[in-house]
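Asks: How does the following fold in three dimensions:
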Amino acid sequence: MLRRKKLLFDGPLMIGLITLSFLGLFVIYSASGENFSVMVRQGIRLGIGWVVMILVAQISPETIKRFSPHLFIVGVVVLILVLLVGVVAKGAQRWLDLGIFRFQPSELMKLALPMMVAWLMTRDKLPPTFAIILLALVLTAIPTGLVVIQPDLGTGIMLAASGLLVIFLAGIRWRHLMMMLATVAAVAPFLWSQLHDYHRQRILTLFDPWADPMGSGYQTIQAQIAIGSAGIWGKGWLQGSQSHLEFIPERSTDFIFAVFAEEFGLIGVLILIVLYLFIAGRCLAMAYQTKETYSRLLIGALALTFFFYLFVNLGMVSGILPIVGVPLPLVSYGGTSMLTLMAAFGIMMGTHSRRRLMT
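Replies: This next block holds a predicted model:
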């Protein structure tokens, strides 16, 4: 008789993701002005994301490792195609028009880049040599630069973080770390000069948003008003004045945390952060329990990148970081980024579940 293949998944992580997904649907319903169709569309995207996660979880770590260079090369090629024949929307050239739907290649690179750097790091013994670190930095810089010039500074920052986190987890030596920091400091003036004017303005607005309250500082000011007026318990679900009176821009996407904080207050924010920490902590625990070096590096980097998403989004909404267009994971309205994130969780689940079956 044929044995039925066991479906691979991780129970605790599934519970955390389900809880966060349903919470996100409630917040989106309120942030969209009680638009039920928006919530339904997000629910459909979540459903597709869950299917993608389960399917990816069934792929063996050996297969993922073997195809890491191929996926990276494909990702770089399509990023170049975006610059040549990509669709321009809202002043940015980030999409390829495939007829049925638009595809954003930078989302593919969010998986391909850490996979490629982890593959490179495990080609030799750890900690990595300076030559390997330098090559990893070049591989990280190529897709990051291609994305930043689209322009998409937020995604570029996340790509750079995903590659650098793999290098850090590989056990970089202190002298190499100091050399990297010195290099960043040396090229910082050049990088500043290459930013678009509105990117530089967003960074400068961080220090004094009231210098331009109706322009570059408007988003930060309105978000701070929403968060500051919530108090301990918040104003209640569907009762947020800043969001329902449409003072908060991008309230269903990048600034949805301000809507959540206004309606659920300090207690709700703490619960949300604990939920995110539980998910990230569970992923890091899975990385720690994984013996194979490539998978351990990849899972650890993906888990920390997930937490970095949270940190950057909360920082930019609360006014302690510049506005760079990073969504709140599994809560902000969106499709492509969610599919990428769920695929990442699928990689983590599949690797960890196989480890348990082998023990």
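Asks: can you list the domains in this structure?
Replies: By the assignment in automatic domain parsing, the chain contains the domains 7-58+197-359, 62-195.
Asks: can I get the CA coordinates of the helix or strand encompassing residue 200 in PDB?
Replies: Using DSSP states H and E, residue 200 maps to helix 197-205. Coordinates of the C-alpha atoms in helix 197-205 are reproduced here as PDB (Å, rounded to 0.1, in the frame of the first residue of the first chain):
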ATOM      1  CA  ASP A 197      15.000  65.000  -3.400                       C
ATOM      2  CA  TYR A 198      11.900  63.600  -1.700                       C
ATOM      3  CA  HIS A 199      13.900  60.800  -0.100                       C
ATOM      4  CA  ARG A 200      16.300  63.400   1.400                       C
ATOM      5  CA  GLN A 201      13.400  65.500   2.500                       C
ATOM      6  CA  ARG A 202      11.800  62.600   4.300                       C
ATOM      7  CA  ILE A 203      15.000  62.000   6.200                       C
ATOM      8  CA  LEU A 204      15.400  65.700   7.100                       C
ATOM      9  CA  THR A 205      11.700  65.800   8.100                       C
END
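Asks: The next helix or strand after it versus helix 197-205: what angle between them?
Replies: Tracing the chain C-terminally past helix 197-205 and defining elements by DSSP H and E, one meets helix 218-228 next. Helix 218-228 runs at 40 degrees relative to helix 197-205, counting by axes from the mean of the first three to the mean of the last three C-alpha atoms, to 10 degrees.
Asks: pLDDT (mean, whole number) over helix 218-228?
Replies: Predicted confidence along helix 218-228 averages 88 (mean pLDDT).
Asks: what's in contact with that helix?
Replies: When contacts are defined by C-beta atoms under 8 Å, 6 or more residues apart in numbering, helix 218-228 is touched by residues 205-206, 209-210, 212-213, 240, 242-243, 247-250, 255, 257-259, 261-262, 317-319, 323. Where C-beta positions appear, they are placed from N, C-alpha and C, glycine not excepted.
Asks: out of the domains of the chain, deepest packed?
Replies: Burial among the domains of the chain, expressed as mean neighbours by mean count of other C-beta atoms under 10 Å, is greatest for domain 7-58+197-359, which shows a mean of 19.
Asks: where in the stretch 251-359 of the chain is pLDDT low?
Replies: Low-confidence regions of the stretch 251-359 of the chain, defined by pLDDT under 70, span residues 353-359.
Asks: Looks like residue 164 contacts residue 141 (just checking).
Replies: No. Counting by C-beta atoms under 8 Å, residue 164 does not reach residue 141; the two are 10.4 Å apart.
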